[in-house]
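Colleague: here are the coordinates; sequence isn't available:
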Ligand code: ADP
Ligand code: ZN
């Protein structure tokens, strides 16, 4: 009789014991199907001593049904899943879920069917079919995906298959990826770069845990350095994972990767289509995928032979996931590298204070690249005090910034304006009665998007067309836009520099790989004079003719009292400044501010990064904030305000009284209403000595809540809203 313990994917029950039927062989980590009531449940075979379950007598055990034809999750990955569940106070099956592909991928490779336009042009078409034909030009995907793309029902598309307008195509899920060539185009490295690359190559060869902080100024060629380590892993037939903070950055990365290794890497992110996901997942588990580039979700994949992890732009806050399992991919990557016994490289020009601290403590080896590649100079930084040099009424760009932009235009060079605000204006109100457009589901203003003529909530996606008249007092033509977004700045530039060719770069305008490449090509081909963008343009891009960067409102990020506001502002401005003067021509940065005396602005203008980090570290030490102390948040939400408030009070009332733990709240969260749920928040500030997670588990474990209440724990939170 063999008893098998499973971690199962069921929200209510997560650990169940089964019997191994005679003749079935099984390993720890195997993915299996087992009976649960009248249905079947997916499970992973786990070490029984590492997973607490209830003891069911042998006689009551039901047999496992089937072992799926996917390799077992390797032991280091199982340890990582346990670690994450424990550290982030998350259900273990929710963490493990991130390691598995779709059911279809687990079932094996083979072929799947996709559809595309057959080229048949019927004489008469229903308007729906005609619209679908337009939308599906050049696309090939499953019926469901095509229906989404074309915004028609699957029924319409099935009808089109029947009529021969769409044709089936058989897709081989196991068709191999082209092989990357380690020696395709080896660059000539500068001495600093070579030293860094040698260190990384040595670490890959050593096959041991080795965390690095690659701290190099913008334009120093960090990518070139870690590519040498990637090349070594490829030679050794080990896999590499490169994590990027945003899909928008991959486009640029792909070109550089291809130039170095001859072929593109394997991509993994949320907007892959089904067949691509299945193919990528299977190549990852078989070891065939040599280099995987992805967003944070690529971190939990069951790589067969991982040999190196790189986290590019490691300071980016988007590595922190804020829903589902709330984990920080940067930190989990280091833990994974430890379990896998491999090197991990955190690359950044503006590392997080936490990372610098770990380097200082000797936990990370710090590798510096202090100079730009090819002798390019870092740009000169000029602080423009808006109180002394105000823009004209109703405008946002000071005359001197405009004059500098005009100069660039005359010289045929490019300017970049940075404002981290999508849309036209962050608030719209009625001049007549004062009515403000607010989201019905969130405590947030609706943002006007003039390009799409809509008012949109950036939290929940709620959208309405911009009305003719005020919904409150019904006066027409009385709505006024308050404050600028990038679209409004674009209008202003069009007025003051009418001959300039302008590109607005935000997640609204660059929402597909095609649009991103088109933008990069246009910018490189000097078809754009002025780029106006959100944080999307702050990193990754390398435009040699870009010689002026203007920061429209440096004070914006400092509002809101977020723990990391200062650091984030510093990073954003330093990164966007890093886009200037990357070629032969020197760059200039103009920072518009009303607070030139703020520590962040002063450090930026003096080019004194150390001064900023030292002051920031002092402030954090005083506040007991990370990395010197720890924070956790408990967020209580419900569609019912009173229910959320009562639950939050109950949690507050049961708070432990401990010397090294301080509990603040409950209080309404700054975003008191989000997607229709009322939110209360408790903040926990603890000394490093406190067993924070055990304390929280013990504290919440004694309480129970009505079914409509959600209690989320956020360990090391980034968002304080
Ligand atoms: P960072 O990521 O540090 O900001 P990049 O890796 O983007 O810097 O490098 C800046 C530019 O310099 C890129 O266009 C890159 O291709 C180029 N570059 C850096 N090092 C070399 C090198 N050794 N040989 C050729 N080009 C290089
Ligand atoms: Zn909303």
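Modeller: Noted; the coordinates are in hand. Computed from a predicted model, the values in this text were never measured in an experiment. Ligands and ions are numbered 1, 2, ... in the order given.
Colleague: For the rest of this, base every contact and every neighbour count on C-alpha atoms.
Modeller: Will do.
Colleague: ok, residues contacting stretch 564-581?
Modeller: Contacts to stretch 564-581, defined as C-alpha atoms under 8 Å, 6 or more residues apart in numbering, come from residues 218-219, 349-350, 352, 376-379, 418, 535, 537-539, 541-549, 551, 554, 557-559, 586-589, 600-601, 604, 616, 718.
Colleague: Among those, which lie within strands?
Modeller: 418, 546-549, 551, 588-589 (DSSP state E).
Colleague: So which of these wins on neighbours?
Modeller: Top of the ones in strands among the contacts of stretch 564-581 by neighbour number is residue 549, holding 31 neighbours under the definition other C-alpha atoms under 10 Å.
Colleague: My guess is it contacts residue 415. True?
Modeller: Yes. Assessed by C-alpha atoms under 8 Å, residue 549 is found in contact with residue 415 at 5.8 Å.
Colleague: residues making contact with the helix or strand of the chain with the lowest mean pLDDT?
Modeller: In the chain, no helix or strand scores lower on mean pLDDT, DSSP states H and E than helix 103-106, which sits at a mean of 81. Contact with helix 103-106 is made by 68-70, 100, 278-279, 281-282, as judged by C-alpha under 8 Å, 6+ apart.
Colleague: Downstream of it, the next helix or strand is which one?
Modeller: For helix 103-106, the succeeding helix or strand toward the C-terminus, using DSSP states H and E, is strand 111-117.
Colleague: any idea of the mean pLDDT in that next one?
Modeller: For strand 111-117, mean pLDDT is 89.
Colleague: how about the residue nearest the centre of the chain, secondary structure?
Modeller: Nearest to the mean C-alpha position of the chain, by C-alpha atoms, centre = their mean, lies residue 318 at 3.8 Å. Assigned with DSSP: H, G, I helix; E, B strand; the rest coil, residue 318 falls in the helix class.
Colleague: Next one: the nearest residue to it once chain neighbours are set aside, what pLDDT does it get?
Modeller: Take residue 318 and drop its neighbours on the chain: the residue closest to it by C-alpha to C-alpha, 6 or more residues apart in numbering is residue 245, 5.8 Å away. Note on residue 245: pLDDT of 90.
Colleague: phi, psi of residue 245?
Modeller: phi -70, psi -30 (degrees, to the nearest 10).
Colleague: you'd agree it is up against residue 295?
Modeller: Yes. Between residue 245 and residue 295 there is a contact under C-alpha under 8 Å: 6.0 Å.
Colleague: Just the buried residues of the helix or strand containing residue 358, please?
Modeller: For residue 358, the element it lies in under DSSP H and E is helix 353-360. Residues of helix 353-360 classed as buried by neighbour count (16 or more other C-alpha atoms under 10 Å): 353, 355-359.
Colleague: list the helices and strands it packs on?
Modeller: strand 210-216 (3 or more C-alpha pairs under 8 Å, 6 or more residues apart in numbering; DSSP states H and E).
Colleague: Measure how far the strand it packs on is from the centre of its chain, please.
Modeller: 20 Å (C-alpha atoms, centre = their mean, to the nearest Å).
Colleague: Distance check, residue 167 against residue 158.
Modeller: Separation of residue 167 from residue 158 (C-alpha to C-alpha, to the nearest Å) stands at 10 Å.
Colleague: neighbour count winner among those two?
Modeller: residue 167 (18 against 15).
Colleague: a strand runs through that one, doesn't it?
Modeller: Yes. Counting by three-state DSSP, residue 167 is found in a strand.
Colleague: If it is in a bridge, with which residues?
Modeller: As for beta bridges, residue 167 partners with residue 116 under DSSP bridges.
Colleague: circling back to that earlier point, and the buried ones among the contacts of stretch 564-581, selectable in ChimeraX?
Modeller: With 16+ other C-alpha under 10 Å as the burial test, the buried ones among these are selected in ChimeraX as follows:
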select :218,219,349,350,352,376,377,378,379,418,535,537,538,539,541,542,543,544,545,546,547,548,549,551,554,557,558,586,587,588,589,600,601,604,616,718
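Colleague: following the top strand by length along the chain, which helix or strand shows up next?
Modeller: Assignment by DSSP E gives strand 661-674 as the longest strand of the chain. Once the chain leaves strand 661-674, the next helix or strand it forms, by DSSP H and E, is strand 677-687.
Colleague: Adjacent strands (with direction) for that following strand?
Modeller: Sheet pairing of strand 677-687 (DSSP bridges) gives strand 629-638 (antiparallel), strand 661-674 (antiparallel).
Colleague: which one of those lies closest to ligand 1?
Modeller: Closest approach to ligand 1 among these is made by strand 629-638 (30.8 Å; C-alpha to the nearest ligand atom).
Colleague: Now the element after the closest one, going C-ward?
Modeller: Counting by DSSP H and E, the next helix or strand C-terminal to strand 629-638 is helix 641-653.
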